[in-house]
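Chemist: Below is the sequence, then the predicted model.
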Amino acid sequence: MKIYNTLTRQKEEFVPIEEGKVRMYVCGPTVYNLIHIGNARPMIVFDTFRRYLEYKGYEVNYVSNFTDVDDKIIHKAQEEGVDAGEISARYIEECKKDMQALNVKPASVHPLATQEIEGMIEMISSLIDKGYAYRAADGTVYFRTGRFAEYGKLSHKNLEDLQAGHRDLKVAGELKEEPFDFVLWKPKKEGEPAWESPWCEGRPGWHIECSVMSKKYLGETIDIHAGGEDLIFPHHENEIAQSEAASGKEFAHYWMHNGFLNIDNRKMSKSLGNFFTVREIEQKYDLQVLRFFMLSAHYRSPLNFSADLMEAARSGLERILTAAENLKRLKDSGIDGKMTAEEEELCEKAQEFEKKFEDAMEDDCNTADAGSAVFELVKFINTNASGQNTKAFLGRLYDELHVLCDVLGIIIEKEEEILDADIEKMIQERQEARKNKDFARADQIRDELAQKGIILKDTREGVTWKRA
């Protein structure tokens, strides 16, 4: 298997640190609002890569954090007049619901930054002791980028050139020694959450959070670190600097980054009015369509979101689901007994599509070509499967299609449709639970309905619902 490593700018053969096991860290969202479709791309593509690793027999320890202390969270809390912890807890739960709807598997661990403060203080103290960090007069702790000789090796930026081009960043009264020294710990401001530390009452900088969480749950050196390409600099560059300065070891062997998502060939932006949350897309499309669309291009390529491309994804997904449904129906009424010699031969031909699928995924997680292999298998199924075949043959084809779609996170096993009366009964039970302040049960009912493709909307007039 080959992976394009951002660090070396080339495809490299994947060799895990420990045979049969993979340690993988993917930077998660900052939880101050509902996730948007730009957030969804890394979630989907790296979930798919994880699924493929597991399909190949690897035991994957997959860690993806929630950044639950940040300026944006604090600002949102101040706007609503609530505690920052209430904002982050709310949107962590909403994010998990969206991930479930996108069929993104839960991580092995979803660490929260606020629960790892002690480890952050320990790492910062170590960096100060080693001369890689210093405390400024106001209690802020900075990392000395100039002290780390390999700074810029991931982003391929030269620190001297960066500093020469940004001397204007160092203004009168600036407390840091050099413009590109970055914050490890910052003093609290009024109304902000804060923790005691040896330097001041305050909170961690963003970059140190991921270094500490990765170290705690995966070890000082990991196999794969992944995220969006917008994180290469400064976030991942700074993670490398502080992690390797603290441990004296290589932080990650492979760095994977997905390309940007554009909307109608323009950068997604609230100011342009082309900013979409996953929930907004869910109002128009089954989220399996969004997932299938996200996998239609290579993960490192820019991806353009448009109504036409989403319709194409919906049409393509429908072809796969229709083939699966027809195959299942044929299988149920197929002929009992062993496969014929002709069917055995056809099964061998079908395995060629599985080989094409694996070749695509082995080539730097090329989901676009892997999807093409699935379409070839679908065409083969439509041509060769009929009511005159044995159940064994039809079952073999179905299993192959099911396994490949499962790697892509595409669900072909549709649950039996729930009746309207049963939906109304569950909504009534949810309303009773909310009335009794049993919010856990109310959320559970909403999740159960969501899994069955039923979307609820709470309005002033009551609860409305629709099928996805």
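Modeler: Noted; the coordinates are in hand.
Chemist: In the stretch 151-300 of the chain, where is pLDDT below threshold?
Modeler: Across the stretch 151-300 of the chain, the stretches falling below the confidence threshold (pLDDT under 70) are 163-174.
Chemist: Please, where are all the helices along it?
Modeler: Ranges of helices in the stretch 151-300 of the chain, per DSSP state H, counting those that start in this stretch, are 159-165, 206-218, 237-247, 278-282, 287-294.
Chemist: and the lengthiest helix in the chain, average pLDDT?
Modeler: Here the longest helix in the chain is taken by residue count, with DSSP state H as the criterion, and it is helix 307-332. When pLDDT is averaged over helix 307-332, the result is 96.
Chemist: right, and the helix or strand after it?
Modeler: Going down the chain from helix 307-332, the next helix or strand is helix 341-362, by DSSP states H and E.
Chemist: Which elements pack onto that next one?
Modeler: Secondary-structure packing of helix 341-362 (3 or more C-beta pairs under 8 Å, 6 or more residues apart in numbering; DSSP states H and E): helix 367-384, helix 391-408. All C-beta atoms are positioned from the backbone trio N, CA, C, and that covers glycine.
Chemist: What residues of the last one count as buried?
Modeler: Residues of helix 391-408 classed as buried: 391-398, 400-402, 404-408 (neighbour count, 16 or more other C-beta atoms under 10 Å).
Chemist: swap in the first one?
Modeler: For helix 367-384, a neighbour-count test (16+ other C-beta under 10 Å) marks 367, 370, 371, 372, 373, 374, 377, 378, 380, 381, 384 as buried.
Chemist: angle of the longest helix of the chain against helix 367-384?
Modeler: Calculated by axes from the mean of the first three to the mean of the last three C-alpha atoms, to 10 degrees, helix 307-332 forms an angle of 40 degrees with helix 367-384.
Chemist: gap between helix 307-332 and the chain center?
Modeler: With C-alpha atoms, centre = their mean, to the nearest Å as the basis, helix 307-332 stands 25 Å off its chain's centre.
Chemist: again, but for stretch 201-209
Modeler: So, by C-alpha atoms, centre = their mean, the centroid of stretch 201-209 is 23 Å from its chain's centroid.
Chemist: same thing with stretch 266-281?
Modeler: The gap between where stretch 266-281 is centred and where its chain is centred comes out at 18 Å by C-alpha atoms, centre = their mean.
Chemist: got the contact list for the closest residue to residue 351 other than its chain neighbours?
Modeler: With sequence-adjacent residues excluded and distances taken as C-beta to C-beta, 6 or more residues apart in numbering, residue 351 is closest to residue 400, at 7.5 Å. If a contact means C-beta atoms under 8 Å, 6 or more residues apart in numbering, then residue 400 has 350, 351, 353, 354, 377 as its contacts.
Chemist: Tell me which of the helices and strands packed on helix 341-362 sits nearest to residue 216.
Modeler: Each of the helices and strands packed on helix 341-362 was checked against residue 216 via C-beta to C-beta, and the shortest separation belongs to helix 391-408, namely 29.4 Å.
Chemist: can I get the CA coordinates of that closest one in CSV?
Modeler: What follows is helix 391-408 as a C-alpha-only set of coordinates in CSV (Å, rounded to 0.1, in the frame of the first residue of the first chain):
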residue,chain,number,x,y,z
LYS,A,391,-28.8,-18.9,-4.2
ALA,A,392,-25.2,-19.7,-3.5
PHE,A,393,-24.1,-17.7,-6.6
LEU,A,394,-26.4,-14.8,-6.0
GLY,A,395,-25.3,-14.7,-2.4
ARG,A,396,-21.6,-14.7,-3.3
LEU,A,397,-22.2,-11.6,-5.6
TYR,A,398,-24.2,-9.9,-3.0
ASP,A,399,-21.6,-10.4,-0.3
GLU,A,400,-18.9,-9.0,-2.6
LEU,A,401,-20.9,-5.9,-3.3
HIS,A,402,-21.8,-5.5,0.3
VAL,A,403,-18.1,-5.8,1.5
LEU,A,404,-16.8,-3.2,-1.0
CYS,A,405,-19.6,-0.8,-0.3
ASP,A,406,-19.0,-1.2,3.4
VAL,A,407,-15.4,-0.1,2.9
LEU,A,408,-16.7,3.1,1.3
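Chemist: Right, I'll leave it there.
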